[in-house]
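S.K.: take this sequence and fold it.
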Amino acid sequence: MHDIARFFPRCASCFPLLLAVAAGAALTPEQRARIDELTGAKGSYTAAEDVHRVAFPRADVPVAVEGRRMHPFLGFSSWAAFTSGPHGALVMGDMVLFEDEVNPVMSVALDGGLEVTALHNHFFFDQPRVMYMHIGGSGSVERLAPVVARMMDKVREVRKHRPAPAAGFAAGPAPADNRIAAAELDRILGVQGETNAGMYKATIGRKARMHGREVAKQMGVNTWAAFGGTDEDALVDGDFAMLESELQAVLKTLHQYRGHPQPHDPRRAPVRLSTLLGARASRRSRPRNPLGARHAARLAALVEQLVAAQASVAVPVVALEGFLPAPPLLARDGAVGVGAGFGEAPSFGVSTPVMIRPGRRSQQQERT
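M.R.: Residues are numbered from 1 along each chain as shown. Got it, this is the predicted structure:
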């Protein structure tokens, strides 16, 4: 067991659950009925794993992959799985979301005390683009199940307001010309950034160990943020390299600005700011910065706050030894998420589904 915990630190917290199940603890029929009542869905119970699972098929918006209409059964159903835990229950889930649903639904999850542990896509050439947001939490059924229900209510609210998923942020695109003043951003971020044709990029290195040797900034263990547009109407995108223990603090800091990234790797999670962040700083859509800084500077201040949020988390020394950087594709658009899991408990969301298209040379695999 200790060997498994060493290789899958994210899942180590599940061992008390497995021991509790082995000892006979289980969700009661009353708890399972209450989950159904609170979530508004009829769940199914797997006694062998003590898991009660509710599902929400996404049949409200047609989705096509390579032009072929996809049935919800083919991977387009949100779900939440509940099992007994040291504080009453544990929940894990995977929310099937369109891009304009991600920010508001993530807000509901974080406000409700759940953790957001992954955000990624499953498919290439899907239309509209579908994202998958993983959630987790521990507590009573009375606390956890209503949050799941509110997340699904938020999805319905977004789709009622706009039946077809949006193709972009409400503020519209940033100006095509790039005229970002570097000096103020250098001051805010505390680094000497790079400039190119009116754009600005800051890179902040971190140190880690990989295969017995130290790796750092130039090997890709870094946080970076790139700014485009103008000082008055700017955009920012970037990656945040962080430890698992830092992820929720950074998410909650972003949450204060109503923008959210996509995390995934359970040991070192990159946060992609680009299209999912929506960190547009347009006069048309954002209040005036109370510090009086121009809009590009306000975005830089946000990046600095995110870095500070990472630094505020106490990190065990052992966490810096032996973890792997995120898979290279994870921090890029169109990547397939990869994560560690047990494999023995498919009802609780730690299975390894594989989708193979017969007659094709490509295979798409994802661990959830």
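S.K.: low-scoring stretches of the chain, by residue?
M.R.: 1-24, 257-294, 314-368 (pLDDT under 70).
S.K.: start and end of stretch 188-206, how far apart?
M.R.: Stretch 188-206 has its terminal residues 19 Å apart, counting by C-alpha to C-alpha, to the nearest Å.
S.K.: buried sites along the longest helix along the chain?
M.R.: Secondary structure assigned by DSSP state H gives helix 141-161 as the longest helix of the chain. Neighbour-count burial for helix 141-161 flags 141, 143-145, 147-152, 154-155, 158-159 (criterion: 16 or more other C-beta atoms under 10 Å). Any C-beta I mention is one placed from the backbone N, CA and C, and that applies to glycine too.
S.K.: tell me the bridge partners for residue 82.
M.R.: residue 52, residue 91 (DSSP bridges).
S.K.: on that earlier part again, who are the packing partners of the longest helix of the chain?
M.R.: Using 3 or more C-beta pairs under 8 Å, 6 or more residues apart in numbering; DSSP states H and E, the elements in contact with helix 141-161 are helix 29-39, strand 77-85, strand 88-98, helix 99-111, strand 130-139.
S.K.: what's the next helix or strand after the first one packed up against?
M.R.: Put plainly, it is helix 29-39. Remark: after helix 29-39, the chain's next helix or strand is strand 44-46, criterion DSSP states H and E. Judged by 3+ C-beta pairs under 8 Å, 6+ apart, the packing partners of strand 44-46 are strand 51-57.
S.K.: what strands flank the following helix or strand past the strand it packs on, and is each parallel or antiparallel?
M.R.: Once strand 51-57 ends, the next helix or strand along the chain (criterion: DSSP H and E) is strand 64-65. Strand 64-65 sits in its sheet next to strand 68-69 (antiparallel), strand 126-127 (antiparallel), going by DSSP bridges.
S.K.: could you chop this structure up by domain?
M.R.: 2-167+338-365, 182-331 (automatic domain parsing).
S.K.: am I right that residue 209 is in contact with residue 219?
M.R.: No. Counting by C-beta atoms under 8 Å, no contact exists between residue 209 and residue 219, whose distance comes to 11.1 Å.
S.K.: what ranges does the stretch 201-350 of the chain have for its strands?
M.R.: Here the stretch 201-350 of the chain has its strands, by DSSP state E, counting those that start in this stretch, at 208-210, 213-215, 222-229, 234-240, 271-272.
S.K.: reformat the ones you listed as CSV; add distance to residue 48.
M.R.: Shown next, in CSV, are the strands of the stretch 201-350 of the chain (distance: least, C-beta to C-beta, whole Å):
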stretch, distance to residue 48
strand 208-210, 38
strand 213-215, 42
strand 222-229, 43
strand 234-240, 39
strand 271-272, 37
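S.K.: which of those sits closest to residue 41?
M.R.: Among these, the nearest to residue 41 by C-beta to C-beta is strand 271-272 (30.8 Å).
S.K.: how about the next helix or strand after the longest helix of the chain: buried residues?
M.R.: Next along the chain after helix 141-161, taking DSSP H and E as the criterion, comes helix 182-189. Residues of helix 182-189 classed as buried: 182, 184-186, 188-189 (neighbour count, 16+ other C-beta under 10 Å).
S.K.: try stretch 165-176
M.R.: Here stretch 165-176 shows 165, 169, 171, 174 as buried, counting by 16+ other C-beta under 10 Å.
S.K.: closest to residue 312 out of the residues you listed?
M.R.: Using C-beta to C-beta, the buried residues of stretch 165-176 come closest to residue 312 at residue 169, 28.9 Å.
S.K.: contact partners for residue 106?
M.R.: When contacts are counted by C-beta atoms under 8 Å, 6 or more residues apart in numbering, residue 106 is found next to 116, 119, 133, 251, 255, 260.
S.K.: ok, the nearest residue to residue 252 once chain neighbours are set aside - how many residues close by?
M.R.: Once flanking residues are discounted, residue 252 sits nearest to residue 110: 6.0 Å by C-beta to C-beta, 6 or more residues apart in numbering. Here the number of neighbours of residue 110 (other C-beta atoms under 10 Å) works out to 20.
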